[in-house]
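> Give the three-dimensional model of this entry:
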Amino acid sequence: MPITLSAGTNTISITATDISGKEATYTLDIATDHEGPAISFDRPITIPGTLTGAISDPAGIDSLKVAGVDAVIASGSDGTATFSVAISTLPADSRILFTAMDDIGNETNGRVLLGGGDT
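Coordinates of the predicted model:
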């Protein structure tokens, strides 16, 4: 029988009964994460320059690429990490794309808005 897991902690109990009627139950907590990392960029953004910001995910941060460049990630004590990445030129279409991945493979993709805000 399939079990649907929601984000967060899910408790599953399994009960087995033998032919004499004796039962044994095992309970298991499973944590699930369906979301990619949350990311924010510090302002102002100047190209060429170094972009900085914060990134977090309960599963841990695997990687962050900004405009195809690997960011340097420094872990923090509260589950939020900081990052920096040097961008030497503005892409031809003026779009700075990013991809962040957590330790279990969930991704967040977006575009840095040069006028303010993130997507």
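> Contact partners for the spatially most central residue of the chain?
Against the mean C-alpha coordinate of the chain, by Cα atoms, centre = their mean, the closest residue is residue 37 at 2.1 Å. Counting by Cβ atoms under 8 Å, 6 or more residues apart in numbering, residue 37 touches 55, 56, 57, 61, 64, 100, 101, 102, 106, 108. The way it works is simple: take the backbone N, C-alpha and C, and place the C-beta from them, glycine included.
> Mind doing that once more with 7 Å?
55, 56, 57, 61, 100, 102, 108 (Cβ atoms under 7 Å, 6 or more residues apart in numbering).
> Quick check: residue 91 vs residue 64, distance?
Residue 91 is 17 Å from residue 64, where distance means Cβ to Cβ, to the nearest Å.
> okay, those two: which has more neighbours?
Neighbours per residue, other Cβ atoms under 10 Å: of residue 91 and residue 64, the larger number sits with residue 64, 22 against 12.
> Disregarding residues adjacent in the polypeptide, which is nearest to residue 83?
Nearest-residue entry for residue 83: residue 71, 4.3 Å, with adjacent residues in sequence omitted and distances by Cβ to Cβ, 6 or more residues apart in numbering.
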